[in-house]
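> My questions are about this predicted structure, shown below with the sequence.
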Amino acid sequence: MDGTRRQERDSDEKAKPKQRRQPRRITPGYLERAALFYLERYVSSEANLRRILRRKVKRSFEVHGGDFEQAERWIDELILRLRRNGFLDDAAYARGVARSLHRRGKSARAIEGKLREKGVEASQIETALMELEEEKPNSEFQAAVAFARRRRLGPFRERSMREERRERDLAALGRQGFSYALARCVIEAEDAEELEAILANEAGL
C-alpha cells in the first residue's frame, strides 16, 4: 500500500509544471555579473549585450518594479567600462564574425545582415568585409563554393541528379545572398575539381 502511495505521489510531482524561478532585483553589481557571465561564454557586440541586459531589467521590473531610467544609466556605465577594459570591441567582433561566417559559406550580404542584426555600425561592417577580401582574395567565390560543398549542391551532387536539381541549387545560393552570375559559375561547373582549380588559381597556387 505504501509503495502504491509513493508511486502516486511521485507521479503527481512529475506532472506538476516546474515553477519559473523569479528574476532577481536589478542592481549595478547584478548587471555586471550577468554581463561577465555572458561574455565568458559568447563573444558579443555592444548592442547585443545591451539588449540582453535590458531584457533582464524588464523581467525583473515586472516582478519587483524599478526605475528604467536609472537601470539604463547603469547599463550605459557598465558598457563603457567593459569597452575600456577590453571586454567589448565591436571592430574585433565584426572581424571575427565575418571570418567565421565566411568559413561556413556565407555571402558578404549575409554577413552584413548578421552584423547589422547584432547592432554593429555600418562603418565597422564595411571595414570587416574589406579586411576579409584582403585576407582572402575572391572571398565571395570561396564562400559560394564552401556553401555548395557543405550542402552538396551542383558539382558536389551525384551527376545523375544535377540537371533535375539545377534550379533548386541556383535558388539555394541566391537565398544565401550570392549573385546569379556567381551561383551559375558554381552550380554549372563541370565537377568539384574544376572549382578547386579555380580556387587554387585565385590563391596563386
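Structure's in. What do you need?
> alpha carbons only for contacts and neighbour counts from here, please
Noted.
> In terms of secondary structure, what does the lengthiest helix in the chain contact?
Here the longest helix in the chain is taken by residue count, with DSSP state H as the criterion, and it is helix 46-64. Contact partners of helix 46-64 among helices and strands, from 3 or more CA pairs under 8 Å, 6 or more residues apart in numbering; DSSP states H and E: helix 28-41, helix 68-84.
> 10 Å - rerun?
Contact partners of helix 46-64 among helices and strands, from 3 or more CA pairs under 10 Å, 6 or more residues apart in numbering; DSSP states H and E: helix 28-41, helix 68-84, helix 90-103, helix 108-117.
> Would you reformat those as a markdown table and include mean neighbour count and mean pLDDT?
Rendered in a markdown table, the data for the helices and strands packed on helix 46-64 read as follows (neighbours: other CA atoms under 10 Å; pLDDT from 0 to 100):
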| stretch | mean neighbour count | mean pLDDT |
| --- | --- | --- |
| helix 28-41 | 14 | 96 |
| helix 68-84 | 15 | 97 |
| helix 90-103 | 19 | 96 |
| helix 108-117 | 18 | 96 |
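> who wins for proximity to residue 136 among these?
Between residue 136 and these, the tightest spacing by CA to CA is seen for helix 90-103, at 9.7 Å.
> Can you pull out the residues in contact with the closest one?
For helix 90-103, the surrounding residues in contact (CA atoms under 10 Å, 6 or more residues apart in numbering) are 43-47, 83, 106-108, 110-112, 114-116, 118-121, 123-132, 135-136, 139-140, 142-144, 146-147.
> distance of the spatially most central residue of the chain from residue 41?
In the chain, the residue lying closest to the centroid (CA atoms, centre = their mean) is residue 114, at 6.5 Å. According to CA to CA, to the nearest Å, residue 114 stands 19 Å off from residue 41.
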